[in-house]
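Engineer: could you look at this predicted model? Sequence included:
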Amino acid sequence: MGETRTFVDSSVLISAARGTDEIAGEAFAVLDDPARTFVTTDFVRLEVLPKCMYFGHAKEAEFYQEFFKSAACIVPISDDLVSEAFSEATNAGLSAVDALHVAAAKEAQADEFVTGEKPKRDLFRVSGLKLTSLRALR
């Protein structure tokens with residue numbers, strides 16, 4: 001397993017799974033990087049799996065399930081995590097889901113948070129966490 005603890009948000013997984021987004025290649029490169037170990041949370045799982053399962057997108061669902069099986073750490077949902085997410089949201093003006101992801105990444109001691117968001121989005125106001133936009137890599 002890799003040495004860089006990486007949290008990828010839902011946009012990275014969706015781009016790689018569907019392969020149609022302009023950042024799909026960059027998403028695959030991150031997910032296939034042997035120097036990375038992935039950390040995640042059930043909030044990401046909740047964002048990506050239910051709809052594709054409902055609509056019968058079996059290959060996409062399998063892709064996500066393999067990612068979750070291979071993750072080195074799945075940060076558990078807890079009152080403390082939600083409390084930390086609230087702090088992140090108020091400090092950086094984040095949406096609820098982005099704040100939950102940031103709090104989980106920090107709890108898992110991620111070295112990097114990789115997203116498909118543009119570098120000028122709210123997420124990049126977060127402090128104490130290295131954020132990388134796949135759109136900036138293009």
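Structural biologist: Now that the structure is in, tell me what you want to look at. Numbers count the residues shown, from 1 in each chain.

Engineer: what about the helices in this structure?
Structural biologist: Listed in chain order, the helices of the chain (DSSP state H) span 10-18, 24-31, 42-54, 58-70, 79-92, 96-107.

Engineer: I'd say F68 and A61 touch.
Structural biologist: No - with contacts counted by Cβ atoms under 8 Å, F68 stays clear of A61, the gap being 10.7 Å. Any C-beta I mention is one placed from the backbone N, CA and C, and that applies to glycine too.

Engineer: quick one: contacts for V114?
Structural biologist: Neighbouring residues of V114 by Cβ atoms under 8 Å, 6 or more residues apart in numbering: 6-9, 12, 30, 131-132, 134.

Engineer: er, I14 actually
Structural biologist: Contacts of I14 by Cβ under 8 Å, 6+ apart are 21, 48, 116.

Engineer: I'd like the residues you listed laid out as a markdown table, including distance to G93, pLDDT and neighbour count.
Structural biologist: Below are those laid out as a markdown table (distance: Cβ to Cβ, whole Å; pLDDT from 0 to 100; neighbours: other Cβ atoms under 10 Å):
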| residue | distance to G93 | pLDDT | neighbour count |
| --- | --- | --- | --- |
| D21 | 25 | 85 | 17 |
| V48 | 24 | 97 | 23 |
| G116 | 19 | 94 | 23 |
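
Engineer: quick check, nearest of those to V126?
Structural biologist: For the contacts of I14, the minimum distance to V126 (Cβ to Cβ) is 15.7 Å, reached by G116.

Engineer: isn't the closest one right up against V12?
Structural biologist: Yes - between G116 and V12 there is a contact under Cβ under 8 Å: 5.6 Å.

Engineer: quick check: neighbours shared by the two?
Structural biologist: 27, 134.
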